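1. sharing a model that was predicted from the sequence below.
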Amino acid sequence: MHATVGDQILVHGDTVGHHDRRGEILEVRGDGGAPPYLVRFDDGHTGLVFPGPDALVLPAGART
């Protein structure tokens, strides 16, 4: 997985009742765009994310 600051991350809910989460990547802490990422989610929560197979990075400006 590769990301740059400003990209969006979409983490799919992995169980029934857990909704998808979307956030903006504020900081890339791995080498060459690799995780972990500091992310501000749409609900205002900020956290360090080590994305798994249920995550997708969308380039800045991409629409879904």
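-> That came in fine, so what should we check first?
2. please make it C-alpha for all contacts and neighbour counts, starting now.
-> OK.
3. the closest residue to R29 other than its chain neighbours and D20, how far apart?
-> Using Cα to Cα, 6 or more residues apart in numbering and skipping residues adjacent in sequence, the residue nearest R29 is P36, 5.5 Å away. Computed with Cα to Cα, to the nearest Å, the distance linking P36 and D20 is 19 Å.
4. swap in V49?
-> 14 Å.
5. which of the two has more neighbours?
-> V49 (16 against 12; other Cα atoms under 10 Å).
6. for that one, name its beta-bridge partners.
-> Under DSSP bridges, the beta-bridge partners of V49 are Y37.
7. you'd agree it is up against Y37?
-> Yes - assessed by Cα atoms under 8 Å, V49 is found in contact with Y37 at 5.2 Å.
8. name the residues contacting each of those two.
-> Residues touching both V49 and Y37 (Cα atoms under 8 Å, 6 or more residues apart in numbering): none.
9. can you tell me the SS state at V16?
-> coil (DSSP: H, G, I helix; E, B strand; the rest coil).
10. kindly state the pLDDT recorded for it?
-> V16 is assigned 79 on the pLDDT scale.
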